[in-house]
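J.: sharing a model that was predicted from the sequence below.
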Amino acid sequence: MSFTTNAKFSCPYCMVINNIEIDEENDLNQQQIVDCQICCSPIEVFVTAGVNDQFNIIATTDSE
């Protein structure tokens, strides 16, 4: 049984869709730094609970 959920977000640098695994117990309302899977730039990711068991993912550049 998996405790993570796959989600997608767009890289703020190159606009390519990236995948992220979200652990609902530990990742919600937490800021993370992840590297883009294509351009390797650092992305600040903030995950919040959305509606209908979805997530809101706010992805910004490291300098914003």
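T.: In hand now; what should we look at?
J.: for the nearest residue to D62 once chain neighbours are set aside, list each beta-bridge partner.
T.: Of all residues not flanking D62 in the chain, P42 sits nearest, at 4.5 Å (Cβ to Cβ, 6 or more residues apart in numbering). Where you see a C-beta, it was placed from the backbone N, CA and C, and this is true even at glycine. Beta-bridge partners for P42, by DSSP bridges, are D35.
J.: so what's P42 up against?
T.: Counting by Cβ atoms under 8 Å, 6 or more residues apart in numbering, P42 touches I33, V34, D35, D62.
J.: swap in C36?
T.: C11, Y13, C14, V16, N18, I43.
J.: list the buried ones in the helix or strand V45 falls within?
T.: Assigned by DSSP states H and E, V45 belongs to strand 42-49. Residues of strand 42-49 classed as buried: I43, E44, V45, V47 (neighbour count, 16 or more other Cβ atoms under 10 Å).
J.: who's in contact with the strand or helix carrying N56?
T.: Using DSSP H and E, N56 falls within strand 55-61. Defining contact as Cβ under 8 Å, 6+ apart, one finds that strand 55-61 is touched by 5, 7-13, 18, 20, 22, 28, 41, 43-50.
J.: just among the contacts of P42, which is most surrounded?
T.: V34 (15 neighbours; other Cβ atoms under 10 Å).
J.: who's in contact with it?
T.: Residues in contact with V34 (Cβ under 8 Å, 6+ apart) are N18, I20, P42, I43, V45.
J.: try 6 Å
T.: I43, V45 (Cβ atoms under 6 Å, 6 or more residues apart in numbering).
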